[in-house]
Structure formats: C-alpha cells, structure tokens
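# Sequence below, structure please.
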Amino acid sequence: MKKKIDDMGFIELVDTMGSATSVVNAARVSFGKRIEGGLSDKDKSLIKYLWTHKHTSPFRHAFFTFHIKAPIFVIRQWQKHQVGCSWNEISGRYVELDHSIHCPDLWRKSIKNVKQGSGGAIDNQEDITDLYVSACNYSYATYKEMLKQGVAREQARMILPLAQFTECYWSASLHAVIHFLQLRLAKDAQSEIRYYAQAIKALIESDDNFKFIMDVCL
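Just a heads-up that it's a prediction; the model follows:
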C-alpha cells in the first residue's frame with residue numbers, strides 16, 4: 001500500500017508484523033491466556049484500559065515497516081523518533097543522487113516572538129520560488145561538476161540542500177508509531193511532516209482492528 005505526498009514524495013507500507021490481536025495477547029499472557037482471530041468487544045475494552053492507564057508495553061508487539069521518500073529536512077525531524085524504531089537510508093557515498101527537490105506550493109511568513117512555526121502566506125510568492133529554485137539548481141550543478149572533476153561522492157554530496165529528496169526504510173513498533181502520530185499530527189507540527197503523518201495514519205487504518213486502536217489512542 002502506497003500513498004503519494006505532493007508530486008514526488010511517497011510513503012509505502014511494505015511489511016507488518018503482528019496485529020491488534022498481538023496487543024491483546026501480550027497483555028493476557030500475564031494470566032496465561034491467548035486469543036485467536038479478530039477482536040471481541042471484551043478485547044477492545046482491554047485495549048482502551050491499557051492505553052488509558054498507560055500500560056503501553058503490549059503496544060510494542062506489533063511492527064510496521066515503511067518505505068519513505070521525503071525531503072531531507074523532513075527526515076531529519078522524523079529521525080528524532082528513535083525509541084522502538086530502526087532506520088536505513090539511501091547513501092550518497094554509494095550512489096550518485098538525482099536532482100529531486102521539494103518546492104513548496106506556499107511560502108509562509110515567520111512569526112515574531114515565536115521560536116518555531118509559521119504564519120500566513122508571504123506576498124512575493126513567485127520571487128521567492130525563483131530564488132529558491134535557482135539556488136537548488138546551482139547547488140546540484142555544482143555537485144555534478146565536483147563529481148566530474150573527481151571529487152568523491154561522500155564529499156560532493158555536502159553541497160546539496162536540505163530540500164533534496166532522500167529514501168529510507170523506517171521500522172517501528174505500534175507504540176512508537178502512535179507516539180510519532182501524536183506529535184506530528186498536531187496543529188503546531190510543521191505541515192510538511194504532518195502530510196506524511198496523515199498518510200501513515202490512513203495506511204494503518206486500512207486494517208479495521210488497527211483503526212480501532214488509532215481511534216482509541218489519538
């Protein structure tokens with residue numbers, strides 16, 4: 001299952017280990033019990049109880065693996081989420097990177113007296129886009145010229161901007177994914193990473209039992 005983000009990015013759910021039943025069984029093993037199949041109303045009540053009372057360890061027994069294509073600045077925010085997660089990313093040491101950059105549809109204003117975040121649209125949208133694209137194109141042209149002149153890929157890549165797209169695999173427990181979504185779906189989260197969080201939520205909710213968990217936890 002794959003969802004496109006903007007015109008170039010995407011997120012794909014490539015593997016799942018476990019299910020909503022895994023959460024219930026991880027909790028019920030304390031009493032030597034186990035269920036098979038889907039969730040009963042009793043199981044759903046247990047999940048609600050576990051999450052409400054912060055008994056979160058059972059939520060670490062289901063895992064998801066996503067293939068992500070996103071701008072580097074988005075991934076750098078994302079990689080702050082380390083607990084219960086594993087990351088592997090394409091390496092500019094081994095491959096020549098292509099010229100794929102994220103270009104915003106809208107340039108937002110900075111907000112005075114706010115350390116992070118942004119406000120409404122600035123007035124000179126086209127001028128900023130021209131400035132931005134020109135800088136990114138020049139950066140990539142410099143990268144290619146450095147490679148042509150024999151500079152190692154691992155050094156030439158340093159000239160590329162944070163707008164450059166990268167690809168990675170992200171594996172995370174259900175608990176880690178929920179924590180990510182709680183933070184990155186928030187209204188004050190940067191919109192560029194929020195788009196990916198929305199896509200992840202939609203992919204997970206394609207399974208009705210996981211949708212129930214999302215409804216309980218978010």
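# Kindly provide the distance from the nearest residue to Ala62 once chain neighbours are set aside to Arg184.
In space, and not counting its chain neighbours, Ala62 is closest to Gly18: 3.4 Å by Cβ to Cβ, 6 or more residues apart in numbering. The way it works is simple: take the backbone N, C-alpha and C, and place the C-beta from them, glycine included. According to Cβ to Cβ, to the nearest Å, Gly18 and Arg184 sit 22 Å apart.
# which of these two has more neighbours?
Using other Cβ atoms under 10 Å, the more surrounded residue of Gly18 and Arg184 is Arg184, with 21 against 16.
# ok, that one - contacts?
78, 193-194, 196-197 (Cβ atoms under 8 Å, 6 or more residues apart in numbering).
# now the strands for this structure?
Per DSSP state E, the chain carries strands over the ranges 2-5, 9-17, 63-71, 85-89, 165-173.
# who does the fourth one pair up with?
Sheet neighbours of strand 85-89, with direction, are listed as strand 165-173 (antiparallel) (DSSP bridges).
# and the angle for the partner strand with strand 9-17?
30 degrees (axes from the mean of the first three to the mean of the last three Cα atoms, to 10 degrees).
# Could you check how many residues crowd around the closest residue to Gln164 other than its chain neighbours?
Nearest residue to Gln164, sequence neighbours excluded (Cβ to Cβ, 6+ apart): Ile72, at 5.4 Å. Using other Cβ under 10 Å, the number of residues around Ile72 comes to 17.
# related to what we said a few turns ago, mean neighbour count, distance to Asp98 and mean pLDDT for the strands of the chain - can I get that in CSV?
Formatted as CSV, these follow (neighbours: other Cβ atoms under 10 Å; distance: least, Cβ to Cβ, whole Å; pLDDT from 0 to 100):
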stretch, mean neighbour count, distance to Asp98, mean pLDDT
strand 2-5, 15, 17, 93
strand 9-17, 17, 14, 96
strand 63-71, 21, 11, 97
strand 85-89, 14, 15, 97
strand 165-173, 19, 8, 97
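# how about JSON lines for those strands, with distance to Lys44 added?
As requested, those are exported to JSON lines (distance: least, Cβ to Cβ, whole Å):
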{"stretch": "strand 2-5", "distance to Lys44": "27"}
{"stretch": "strand 9-17", "distance to Lys44": "20"}
{"stretch": "strand 63-71", "distance to Lys44": "20"}
{"stretch": "strand 85-89", "distance to Lys44": "27"}
{"stretch": "strand 165-173", "distance to Lys44": "20"}
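# And those: which comes nearest Ala27?
Among the strands of the chain, the nearest to Ala27 by Cβ to Cβ is strand 165-173 (14.7 Å).
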